[in-house]
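S.K.: Structural data only, the sequence is not supplied:
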DNA sequence: GTGCTTGCAAAGGATTTGCACGCCC
DNA sequence: GGGCGTGCAAATCCTTTGCAAGCAC
């Protein structure tokens, strides 16, 4: 790995802890992927991360492997909006879902207590033992609505 | 197209109407794909349909194109459970979501009025103009629960 | 030192596309 | 008859895998 210094960012120990908590090694490429993801925040895909990190010597496979890892760790979540490639978003540790703007691709985390209750009730009514669920809401964010009105 | 007769099924005129309603032509391959989908009902993918229809001379591309078409028409919906390939399910014309059994792959349609209300409230609270949403609940169906207990 | 991680390149699988032919209306 | 729809095969896209070398602990 050439140019490794450029991949060392702040808050390293925090990232280290998170990785170790999950029983995996803290390596330069992993920190780089996590950092790149966090700088993007909402809505990015593997290719974007790879394009950014490739010059520093990070391989494509590592990006995919690390993204999977981060999803397992609960630091990222996959969005289901796009059909052809996985789209990721950084997210908090607690259970939640996403509101996605169809105009600007902004993503907002929502903790939908009301929806959770509805989901539980639906499963119960159908006699299902609840395992997991997926809720993604698409709409137009306030900023984009304003922009549309201004036109 | 050889062997076209074997692809003509009952309720043809009904299918014809649906296709024409959507402004597309009613063709033998399209009717065949729709019929194969309806006989499966819940949870199938493009490859399964292709395997069934290939001997009758239907091409892979046509299966994919037709499946897309049927989703556009609202006769099918894509499930988001699997990451590596699209899974489809037949569904009614009205807006609804799905309950998917993680054991037996059974799919139940749900018309989740309570969840809809929750979704609308969430969007409104965030200032979003609601566009669409996606709700998929995974769990264990009553039959599989019973089977598990019997073991 | 041990063995988890990595980069590379090649494999893989699902889906799409280009194009000439054929069928629907 | 005109043009949409089709089959075929190749192309493309995203993602995974095999493997030797490298790095973390």
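M.R.: Okay, I see it. As the structure is a prediction and not an experimental result, all values here were calculated from the model.

S.K.: make it CA atoms for all contacts and neighbour counts henceforth
M.R.: Fine.

S.K.: So which residues on chain A come close to DNA strand D?
M.R.: Contact residues, chain A versus DNA strand D (CA under 7 Å from any atom of the strand): A:1, A:20, A:25-28, A:45-47, A:60-61, A:64-65, A:84-86.

S.K.: separation between the nearest residue to residue A:25 once chain neighbours are set aside and residue A:103?
M.R.: Spatial nearest neighbour of residue A:25, excluding adjacent residues (CA to CA, 6 or more residues apart in numbering or on different chains): residue A:19 at 6.5 Å. Using CA to CA, to the nearest Å, residue A:19 is found at 34 Å from residue A:103.

S.K.: Neighbouring strands - and their directions - for the host helix or strand of residue A:135?
M.R.: When elements are assigned from DSSP states H and E, residue A:135 belongs to strand A:129-140. Sheet pairing of strand A:129-140 (DSSP bridges) gives strand A:97-101 (parallel), strand B:129-140 (antiparallel).

S.K.: Which stretch among these is buried most, on average?
M.R.: strand A:97-101 (a mean of 23; mean count of other CA atoms under 10 Å in any protein chain shown).

S.K.: pLDDT (mean, whole number) over that strand?
M.R.: Across strand A:97-101, the average pLDDT comes to 85.

S.K.: Over to stretch A:54-64?
M.R.: Average pLDDT, stretch A:54-64: 94.

S.K.: close to DNA strand C, is that stretch?
M.R.: Yes: under the criterion of CA under 7 Å from any atom of the strand, DNA strand C is reached by stretch A:54-64 at A:54, A:57, A:58, A:59, A:60, A:61, A:62, A:63.

S.K.: any idea how far the last one lies from residue A:45?
M.R.: Plainly put, residue A:63 is 10 Å away from residue A:45 if you go by CA to CA.

S.K.: With the third one instead?
M.R.: Using CA to CA, one obtains 15 Å as the distance from residue A:58 to residue A:45.

S.K.: Strands of chain A, start to end?
M.R.: In chain A, the strands defined using DSSP state E lie at A:44-45, A:76-79, A:87-90, A:97-101, A:107-110, A:129-140.

S.K.: so can I have CSV of those strands showing distance to residue A:120?
M.R.: Output for the strands of chain A, formatted as CSV (distance: least, CA to CA, whole Å):
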stretch, distance to residue A:120
strand A:44-45, 31
strand A:76-79, 21
strand A:87-90, 25
strand A:97-101, 15
strand A:107-110, 17
strand A:129-140, 7
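
S.K.: Could you list the residues in contact with stretch A:126-138?
M.R.: Outside stretch A:126-138, the residues that touch it by CA atoms under 8 Å, 6 or more residues apart in numbering or on different chains are A:79-80, A:97-102, A:119-120, A:123-124, B:101-102, B:119, B:123, B:130-142, B:145.

S.K.: what residues are up against the residue nearest in space to the middle of chain A?
M.R.: Geometric centre of chain A, nearest residue: residue A:89, 2.3 Å, by CA atoms, centre = their mean. Neighbouring residues of residue A:89 by CA under 8 Å, 6+ apart: A:37, A:41, A:42, A:43, A:44, A:76, A:77, A:78, A:79, A:107.

S.K.: Just give the number of residues close to residue A:32.
M.R.: A count of nearby residues for residue A:32, using other CA atoms under 10 Å in any protein chain shown, gives 23.

S.K.: Next one: it from residue A:79, what distance?
M.R.: Going from residue A:32 to residue A:79 by CA to CA gives 21 Å.

S.K.: List the buried residues in stretch A:61-71.
M.R.: Buried residues in stretch A:61-71, counting neighbours by 16 or more other CA atoms under 10 Å in any protein chain shown, are found at A:63, A:64, A:66, A:67, A:69, A:70, A:71.

S.K.: Over to stretch A:91-111?
M.R.: Residues A:91, A:96-102, A:105, A:107-110 are the ones in stretch A:91-111 that count as buried (16+ other CA under 10 Å).
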